[in-house]
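Build me a structure from this.
(chains A and B)
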Amino acid sequence: MSQILTKKLVLFFPRYDCEKPIIYHLVKDHNLVVNVYRAKVTPEEEGYLVLDVRGTEQDIQKAMDFIKSCNVTVNNSGKGVTWDEHRCTHCGQCVTHCPTDALHIADPATRRIAFDEDACIECLACIRVCPFEACASAF
Amino acid sequence: MKTYEQINDRIESGKAVVLTADEIMDYVDKKGLEAAAREVDVVTTATFGPMCSSGCFINFGHSKPKIRMSEAWIEDVLVYTGIAAVDVYLGATQLRHGDPANMYPPGEFRYGGGHVIEDLVAGKSLQLFALSYGTDDYPRREIRTYFTLADVNQATMVNPRNCYQNYNVAINDSDRTIYTYLGVLEPRRGNATYCSAGQLSPLLNDPYYETIGVGTRVWLAGAQGHVYSEGTQHAGGCERTSDGVPKEGAGTLALTADMKRMKPEFVRGVSLRGYGVSLALGVGIPIPILNEKVLQRTCVRDRDILAPVIDYGNDYPQKTGRVICHVSYEQLRSGEIEIDGKKIIVGSMSSYHKALEIARLLADEIRRGDFLVSRPIQALPKDTTMKSLVIRRKPS
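A predicted model of the protein is given here:
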């Protein structure tokens, strides 16, 4: 039996009518547990979908092949939201607004901020509150 | 007892003992006040945060033919031209032309004077557009060109108010999210924010302005500048703890320095959603340890410094004067304060991380003999209070 993995995927939809219900197929055909963070998929526009998929390595690989066959670009770096360490001044404005502590004080003595990408659910609260534009969304 | 001259002699000979304001307390606890006052020459203090009352004078030099600028914009940000022909003043909170501000609240406020200053110090090429009515000696009516900081004759930062001695803690007692210069405040005390470097902050380490005054040399974003005046709204005659530490805003400093010598990482444009734009600056100020009393003052700890908690939902905008309570910076830095039995999570607008970095950089400069301390030429007032703007009828 293969090990169960969780993988964060960022899907880019080119500007076309995507008629396939991709998430339905991920669940039904590839036995994946899907957790969508955010999505914007509309006809005649470029779109995106950020999600976690959970399943065996083989199932995830087959699902990714299926997604690519739909002309959708898969970015498995999982970076829909980025934090620029050099733009960050470590003020700490974000930490009370980040619901998962993805942005957190890494060192209480120096009050250095760090970003735990795996904990980020892409709520975009940090982008709203950061005075220094240290956080950005890929879309 | 040491004099400024003795301390500078030790700095110039590379023998000065310099500690940062977060190191000095433990050092004094270990060595005793008397011995430490003999040994230590300088304690460095610092702060980094948005300081709205900031800006710079720029002299562009003359074009051929000449123009007497009557209106001018840098990157579409309006600058003040009511001075000589090619001198302008660029203010940190000036919005870019066409910014919708809060027309659809909360506005994003992506770019303004503070960002122009950041871009200039970062060495970027920026657009200057200016208009004029034209005169016999300055015939040009319009100019559009691109320039960098290196191209201008002078770019002098002149900040009417920096380094607030202490500051409010903001919470929101109302039922809706509010957008303030201290950040986004969730309703019903959902969060709190503060803005001070606490035990590292310059004027909290010299609460009665015994060494920091007009003429004091300061580290302003990496450049050596000085205090040119008391800051606007300076109010030394404030409520204080038994140790003399102000329990409210209190003192402020007006600072100036050459922008061409600044470091970009300490000059940062600020966008505050729903509020506006500003400029965050790093400031470091050395405190010469002239005697035990001066040293004692620098030993202030976060737990000894109290900040007033103010409701920005109603009391602050309506100027009711109500202070909900006081909390210490130790409590604030723990990430949570408790008011009326409710725990409130705390964020900061000021960067302690950068302040610490500045205090260390300044300490290194002094140890290397590159930064001397200076005796103030005039003391800051200790007894003034803040006046209100009274709305009056026209006097008959």
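
Nearest residue to B:Lys343 in space, please, no chain neighbours.
B:Glu336 (5.5 Å; Cβ to Cβ, 6 or more residues apart in numbering or on different chains). C-beta: built from backbone N, CA, C; applies to glycine.

helices or strands next to the longest helix along chain A in the packing?
What stands out as the longest helix in chain A, according to DSSP state H, is helix A:57-69. If you count contacts as 3 or more Cβ pairs under 8 Å, 6 or more residues apart in numbering or on different chains; DSSP states H and E, helix A:57-69 packs onto strand A:4-13, helix A:22-28, strand A:47-56, strand A:73-75.

Including mean pLDDT and mean neighbour count, could the ones you listed go into a markdown table?
Formatted as a markdown table, these follow (pLDDT from 0 to 100; neighbours: other Cβ atoms under 10 Å in any protein chain shown):
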| stretch | mean pLDDT | mean neighbour count |
| --- | --- | --- |
| strand A:4-13 | 89 | 17 |
| helix A:22-28 | 92 | 16 |
| strand A:47-56 | 92 | 20 |
| strand A:73-75 | 86 | 13 |
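
mind checking which of the ones you listed is nearest B:Gln318?
strand A:47-56 (42.8 Å; Cβ to Cβ).

mind listing the helices for the stretch 101-250 of chain B?
B:113-121 (DSSP state H, counting those that start in this stretch).

secondary structure class for A:Gln89?
Careful, residue A:89 is Thr and not Gln. coil (DSSP: H, G, I helix; E, B strand; the rest coil).

For the spatially closest residue to it that is not a sequence neighbour, give me the pLDDT.
Spatial nearest neighbour of A:Thr89, excluding adjacent residues (Cβ to Cβ, 6+ apart): B:Ser351 at 4.6 Å. Reading off the confidence values, B:Ser351 has pLDDT 98.

which SS class is the closest residue to chain A within chain B?
Relative to chain A, the nearest point of chain B is B:His353 (3.6 Å; Cβ to the nearest Cβ). Here B:His353 is helix, with the state taken from three-state DSSP.

Leaving out chain neighbours, which residue sits closest to it?
That would be A:His90: by Cβ to Cβ, 6+ apart, it lies 3.6 Å from B:His353.

List phi and psi for B:Met386.
Backbone torsions of B:Met386, given as degrees, to the nearest 10, read phi -90, psi 130.

picking up where we left off before, need the contact list for the residue nearest to B:Lys343.
Neighbour list for B:Glu336: B:Lys343, B:Ile344, B:Ile345, B:Val346 [criterion: Cβ atoms under 8 Å, 6 or more residues apart in numbering or on different chains].

my read: the second one touches B:Ala192, true?
Yes: under the contact definition of Cβ atoms under 8 Å, B:Ile344 touches B:Ala192, with a separation of 4.9 Å.

got a list of what the closest residue to B:Gly231 other than its chain neighbours touches?
Counting by Cβ to Cβ, 6+ apart, the nearest residue to B:Gly231 once its immediate chain neighbours are dropped is B:Thr252, at 2.8 Å. When contacts are counted by Cβ under 8 Å, 6+ apart, B:Thr252 touches B:Arg161, B:Asn162, B:Cys163, B:Tyr164, B:Gln165, B:Leu203, B:Glu230, B:Gly231, B:Thr232, B:Gln233, B:His234.

picking up where we left off before, quick one: which of the contacts of B:Glu336 is nearest A:Lys20?
A:Lys20 lies nearest to B:Ile345 out of these, by Cβ to Cβ, at 43.2 Å.

burial of B:Ala192, as a residue count?
26 (other Cβ atoms under 10 Å in any protein chain shown).

could I have the longest helix of chain A exported to CSV, CA atoms only?
The C-alpha trace of helix A:57-69 is given here as CSV (Å, rounded to 0.1, in the frame of the first residue of the first chain):
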residue,chain,number,x,y,z
GLU,A,57,1.3,9.2,-4.4
GLN,A,58,0.1,7.2,-7.5
ASP,A,59,-3.4,8.7,-7.3
ILE,A,60,-2.0,12.2,-7.0
GLN,A,61,0.3,11.7,-9.9
LYS,A,62,-2.5,10.4,-12.1
ALA,A,63,-4.7,13.3,-11.0
MET,A,64,-2.0,15.8,-12.0
ASP,A,65,-1.7,14.1,-15.4
PHE,A,66,-5.5,14.4,-15.8
ILE,A,67,-5.4,18.1,-14.9
LYS,A,68,-2.6,18.8,-17.3
SER,A,69,-4.6,17.0,-20.0
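
What sits closest to B:Gly347 if chain neighbours are left out?
Nearest to B:Gly347 is A:Thr96, by Cβ to Cβ, 6+ apart, at 4.0 Å.

Name every strand pairing with the lowest-mean-pLDDT helix or strand in chain A and say which way it goes.
Within chain A, no helix or strand scores below strand A:73-75, which has a mean of 86 by mean pLDDT, DSSP states H and E. Strand pairing for strand A:73-75, using DSSP bridges, gives strand A:4-13 (antiparallel).

Keeping just the C-alphas, turn the strand it pairs with into PDB.
Once non-C-alpha atoms are left out, strand A:4-13 reads as follows in PDB (Å, rounded to 0.1, in the frame of the first residue of the first chain):
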ATOM      1  CA  ILE A   4      -1.000   8.800   1.900                       C
ATOM      2  CA  LEU A   5       0.300  12.300   1.000                       C
ATOM      3  CA  THR A   6      -1.200  15.800   1.200                       C
ATOM      4  CA  LYS A   7       0.000  18.100  -1.600                       C
ATOM      5  CA  LYS A   8      -0.800  21.800  -2.100                       C
ATOM      6  CA  LEU A   9      -1.500  22.600  -5.800                       C
ATOM      7  CA  VAL A  10      -1.900  26.000  -7.500                       C
ATOM      8  CA  LEU A  11      -3.800  25.600 -10.800                       C
ATOM      9  CA  PHE A  12      -3.800  28.200 -13.600                       C
ATOM     10  CA  PHE A  13      -6.600  28.200 -16.100                       C
END
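
Sweet, I'm off.
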